[in-house]
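Q: Quick one, what's the 3D model for this:
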Amino acid sequence: MRYAVFIWTKWDTDDDVSPEMFDRYAEFGRAATEAGVLVDGSALHPVSAATTVRLRDDEVLVTDGPFVESKEQLSGYYVFECVDLDDAIAWAARIPGARDGAVDIRPLLVMS
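A: This next block holds a predicted model:
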């Protein structure tokens, strides 16, 4: 089953990601790829680069910045191919951002 895995991180500034953290993510990516779990994934630019789009009464409203104000920001995602939710949880727990942020796992809905 495929799962979308969203990484939520508390960033105080746009420059908060250390080279050591990038190394930990690279190591995780290699392990997940070698295990055949990692389907896709990417880091995201900081929340300051976000653009929110809404459609209200047929009018497109564009706002700079994220949709929600929060202490934790969506900083990246993975798509996993796992046997079951327990397997996805085990892999999600290995994501470096789980140590000081949060990881949200959601099964992908297959539309036929």
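
Q: Could you use CA atoms for every contact and neighbour count after this?
A: Noted.

Q: Show me where the protein dips below the pLDDT cut-off.
A: 11-17, 66-70 (pLDDT under 70).

Q: mind listing the strands for it?
A: Along the chain, counting by DSSP state E, strands occupy 2-9, 38-43, 51-56, 59-64, 73-81, 102-107.

Q: ok, the longest one: who's next to it in the sheet?
A: Strand pairing for strand 73-81, determined by DSSP bridges: strand 2-9 (antiparallel), strand 38-43 (antiparallel).

Q: repeat for the fourth one
A: Strand 59-64 has these partner strands in its sheet, going by DSSP bridges: strand 51-56 (antiparallel).

Q: same check, this time on the last one
A: For strand 102-107, sheet partners with direction are given as strand 2-9 (antiparallel), following DSSP bridges.

Q: CA atoms only: put the strand it pairs with into CSV for me.
A: The C-alpha trace of strand 2-9 is given here as CSV (Å, rounded to 0.1, in the frame of the first residue of the first chain):
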residue,chain,number,x,y,z
ARG,A,2,1.2,3.5,-0.7
TYR,A,3,1.4,6.2,2.0
ALA,A,4,2.0,9.9,1.8
VAL,A,5,4.3,10.9,4.7
PHE,A,6,4.4,14.6,5.6
ILE,A,7,7.2,16.0,7.6
TRP,A,8,6.3,18.9,10.0
THR,A,9,9.3,20.8,11.4
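
Q: What are the contacting residues of that strand?
A: 72-82, 88, 92, 97-98, 100-108 (C-alpha atoms under 8 Å, 6 or more residues apart in numbering).

Q: ok, now stretch 92-106?
A: With C-alpha under 8 Å, 6+ apart, stretch 92-106 has contacts from 3-10, 21, 24-25, 28, 72, 88-89.

Q: which one of those is nearest residue 112?
A: Comparing the contacts of stretch 92-106 against residue 112 with C-alpha to C-alpha places residue 3 closest, at 17.0 Å.
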